[in-house]
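Novice: model this:
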Amino acid sequence: MANKKQPIKTDQIRSKTPPASRPSPRANESKPFVLNDKWAIILLIAIAVIVNIRTIGYEYTYDDAAFTSSGNLIDIRGGMKSIPEIMTHAKNYCFDKSNIGSYRPLLPASFAVERQFFGFNPTVSHIVNLILFGLMIMMLFKVLRRMFPDYSIYVPFFILLLYILHPIHIEVIASVKSRDELLAVLFTCMSMMQSYKYIDNNKIKPLILSGVYFLLAMLSKESPIGFVAIVPLTLYFFTNASIKQCIISGVPYFLTVVVFVGLRFAFLDKAAANASVAITENFFVAATTFATKLGTVLLIQLKYFAFLIFPHPLSFDYSYNQIPIVGITDYRSIISFVIILALFAYALINFRKKDIFAYSILFYFLSIAITSNLLMEIGAGMGERFLFIPSLGFCIAVVFLLAKLFKADLKTLDFSTVPKLGYIIIGISVLYAGKVFAGNEDWRSNFTLFEKGAEICPNSWRTQHCLAVEYKKMTMAETNPQLKQDYADSAIVHYKKSIAIYPLKADPEGDLGAVYFTLKNYDSSVVHLRRAMVLNPELSSASANLGTVYMTLGNYAEALPWYRKTVAVDPNNIIAQFNLAVCDYQVQKYDSAIINFKKALAVNPAYNDHKGFEYTALIYKMIGQADSANKYEALGRQFAAGLKQ
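Specialist: This next block holds a predicted model:
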């Protein structure tokens, strides 16, 4: 009877059998290069930096500005003194003053520290990301060496080479805001090393430190929460620790999660749990039944499997309606379910054998569970960054699968013993590196990012809207008439595409009205601005622009109610306040005009070359109040003189 091939067992990793001896080189032969831990780390970091080096010349893109140049509600601009406030508020509080959502204080705190010493400089921010990536690589290599202590150094080296070059990680490295992922993995690796120390010496201090480091990871981002189970699982598979020791090692991780949840509950607004999420923010809102939610979750998992194997094409966004809402009877959901069921079955059958592929499968699913939207909705449907941790399980499986195919002895593995395996991994790495180097270019600026996103995901509301906004900005800034027209035409095209995908959003209608106003197409401008006001009566930018359209057409009476609506919502809008006063004057509502000019002066006396004083004095003269007119003329002269000094 033929012998059956046995699965690769992780207990083989702990074998103390020394690697097969090799003939020593002759005296006249040069000594071959021997890869050691130091050189492995240096090579891996060097490769990662070389492939991603040009990101240091990129701008802030997408969400980056919210934590840097425009993050001013919590005064991040004040540097480290803002950290106490940051630590007691939600991540979003620093840019929209909403204290709901994610509790990730170490992310904005890192930008506050950066601001303290370097100001807001995208080059510095990208350098910091690369430094964090390098530190993460070093710690992750140390963890892999502990997992595979008796295997050739090329095993963790090849795993990490594939991992750091996998194109699915482009976003995490190129997006400054995504340093939360880097920090989370860095601190998680530091925590795992302490767990190994506990297994080594059975002392309490490493347990305490593992909890401390894991808390720092959780305060960076919630994505490592699966390590509550992954750490005991890893120790069970890759050490001789008892079941009791493995369980004890997981206690600090569990307690850390309890502490984290307590901090989140204490600091964030309780409305967070009930806050409604727009469909444009999370397309799972459209999955109104369990069947459609589960079917869509399975579809996304299938797409993740595809990205791991063939990471192309990639986009910064997969929002509504790029990913369709499907039921559990959709063929793609069925395929995904069959794959997942087969993987789980394999993992369970081979669990007690401590099979490396069983571990890789469990690592993947435990680490992706929190972002799958199956256990809880996370506010985002799908993102490449969600594979940053799970993809490590995939890379481990790939290296061991290739070793199995080539019958490689993992204890003596190097380029001389199994050259074909080495060449294949190097070949894959070169392809990955080329994809990363090319894909990084998408993140050079908002325009390049959104243009590529709209190309790759044309059915995404966000990609179309973001690109339209960029074209609008270019339209407003351009002075060349032909270029201005071209940019405006492109903005109109993409705004209309975003509206066609989701017609119930007010902002695109309002922005489209503003673009038409720039082109002096006033009829179309009014149509879209009025639509925006129907969709959102509180959209002050649309009401202000409606007032400006009617004012430009000389219809001051029609402009008045729109300016009044604007200042009611946004009393500090100096343009609307001043124009409201002008319209009151034009329709001979002099008392109201005086009141509104005074309000404009209170908001910003220097606006419009401090003409508020002049116009107020003029109206007082017209209604025969000479003393008040003289007073405001004098105030105007004093203000002008003060500006000159």
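Novice: What pLDDT does the model give the spatially most central residue of the chain?
Specialist: The centre of the chain sits closest to residue 178, judged by Cα atoms, centre = their mean, with a distance of 4.9 Å. You'll see residue 178 listed with a pLDDT of 94.
Novice: What of residue 453?
Specialist: Reading off the model, residue 453 has pLDDT 97.
Novice: Same question for residue 45.
Specialist: 98.
Novice: Can you pull out the low-pLDDT segments for the stretch 501-645 of the chain?
Specialist: The model of the stretch 501-645 of the chain has pLDDT under 70 over residues 643-645.
Novice: Tell me the spacing between the residue nearest to the centre of the chain and residue 112.
Specialist: Residue 178 is 18 Å from residue 112, where distance means Cβ to Cβ, to the nearest Å. Where C-beta positions appear, they are placed from N, C-alpha and C, glycine not excepted.
Novice: do residue 566 as well
Specialist: Relative to residue 112, and taking Cβ to Cβ, residue 566 is found at 34 Å.
Novice: go on, residue 568?
Specialist: Residue 568 is 35 Å from residue 112, by Cβ to Cβ.
Novice: okay, these two: which has more neighbours?
Specialist: The neighbour comparison of residue 568 against residue 112 (other Cβ atoms under 10 Å) goes to residue 112, with 24 against 12.
Novice: Sticking with the more buried one, tell me its helix or strand.
Specialist: Residue 112 is part of helix 106-118, with elements assigned from DSSP states H and E.
Novice: between the next helix or strand after that helix and helix 106-118, how big is the angle?
Specialist: Downstream of helix 106-118, the next assigned helix or strand under DSSP H and E is helix 122-147. Angle, helix 122-147 to helix 106-118, by axes from the mean of the first three to the mean of the last three Cα atoms, to 10 degrees: 130 degrees.
Novice: so what does the helix holding residue 112 touch, helix or strand wise?
Specialist: Packing partners of helix 106-118 (3 or more Cβ pairs under 8 Å, 6 or more residues apart in numbering; DSSP states H and E): helix 83-86, helix 122-147, helix 179-201, helix 204-220.
Novice: Would you mind finding the most buried of those?
Specialist: Most buried of the helices and strands packed on helix 106-118, by mean neighbour count (mean count of other Cβ atoms under 10 Å): helix 179-201, with a mean of 23.
Novice: how about that helix as PDB, C-alpha atoms only?
Specialist: Below are the C-alpha coordinates for helix 179-201, written out as PDB (Å, rounded to 0.1, in the frame of the first residue of the first chain):
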ATOM      1  CA  ARG A 179      -0.200  54.600   9.900                       C
ATOM      2  CA  ASP A 180      -2.800  53.300  12.300                       C
ATOM      3  CA  GLU A 181      -2.400  49.900  10.700                       C
ATOM      4  CA  LEU A 182       1.400  50.100  11.000                       C
ATOM      5  CA  LEU A 183       1.200  51.100  14.600                       C
ATOM      6  CA  ALA A 184      -1.300  48.400  15.400                       C
ATOM      7  CA  VAL A 185       0.900  45.600  13.900                       C
ATOM      8  CA  LEU A 186       4.100  47.000  15.400                       C
ATOM      9  CA  PHE A 187       2.700  47.000  18.900                       C
ATOM     10  CA  THR A 188       1.000  43.600  18.400                       C
ATOM     11  CA  CYS A 189       4.400  42.100  17.400                       C
ATOM     12  CA  MET A 190       6.000  43.600  20.500                       C
ATOM     13  CA  SER A 191       3.100  42.100  22.600                       C
ATOM     14  CA  MET A 192       3.600  38.600  21.000                       C
ATOM     15  CA  MET A 193       7.300  38.700  21.800                       C
ATOM     16  CA  GLN A 194       6.400  39.200  25.500                       C
ATOM     17  CA  SER A 195       4.000  36.300  25.300                       C
ATOM     18  CA  TYR A 196       6.900  34.100  24.000                       C
ATOM     19  CA  LYS A 197       9.000  35.300  27.000                       C
ATOM     20  CA  TYR A 198       6.200  34.200  29.300                       C
ATOM     21  CA  ILE A 199       6.400  30.700  27.800                       C
ATOM     22  CA  ASP A 200      10.200  30.800  28.200                       C
ATOM     23  CA  ASN A 201      10.300  31.800  31.900                       C
END
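Novice: Give the other helices and strands that it contacts.
Specialist: Of the remaining helices and strands, those touching helix 179-201 by 3+ Cβ pairs under 8 Å, 6+ apart are helix 106-118, helix 122-147, helix 204-220, helix 227-238, helix 243-267.
Novice: can you rerun that using 6 Å?
Specialist: helix 122-147, helix 204-220, helix 227-238 (3 or more Cβ pairs under 6 Å, 6 or more residues apart in numbering; DSSP states H and E).
Novice: Would you tell me which of the ones you listed gets closest to residue 581?
Specialist: Taking Cβ to Cβ, helix 122-147 is the member of these nearest to residue 581, at 40.7 Å.
Novice: State the three-state secondary structure for residue 415.
Specialist: coil (DSSP: H, G, I helix; E, B strand; the rest coil).
Novice: May I see the buried residues of the helix holding residue 112?
Specialist: Buried residues in helix 106-118, counting neighbours by 16 or more other Cβ atoms under 10 Å, are found at 106, 107, 108, 109, 110, 111, 112, 113, 114, 115.
Novice: Starting from residue 59, give me the distance back to the closest residue to residue 68 other than its chain neighbours.
Specialist: Spatial nearest neighbour of residue 68, excluding adjacent residues (Cβ to Cβ, 6 or more residues apart in numbering): residue 120 at 4.6 Å. Computed as Cβ to Cβ, the residue 120 to residue 59 distance reads 12 Å.
Novice: next one: residue 158
Specialist: 35 Å.
Novice: who has more neighbours, those two?
Specialist: residue 158 (26 against 17).
Novice: Distance check, that one against residue 617.
Specialist: Taken as Cβ to Cβ, the span from residue 158 to residue 617 is 80 Å.
Novice: what's the answer for residue 66, then?
Specialist: Distance of residue 66 to residue 617, computed by Cβ to Cβ: 43 Å.
Novice: mind giving me CSV with the buried residues of helix 106-118 and columns for pLDDT and distance to residue 469?
Specialist: Below are those laid out as CSV (pLDDT from 0 to 100; distance: Cβ to Cβ, whole Å):
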residue, pLDDT, distance to residue 469
106, 94, 30
107, 93, 24
108, 90, 24
109, 92, 29
110, 93, 27
111, 91, 23
112, 90, 27
113, 92, 30
114, 91, 26
115, 88, 26
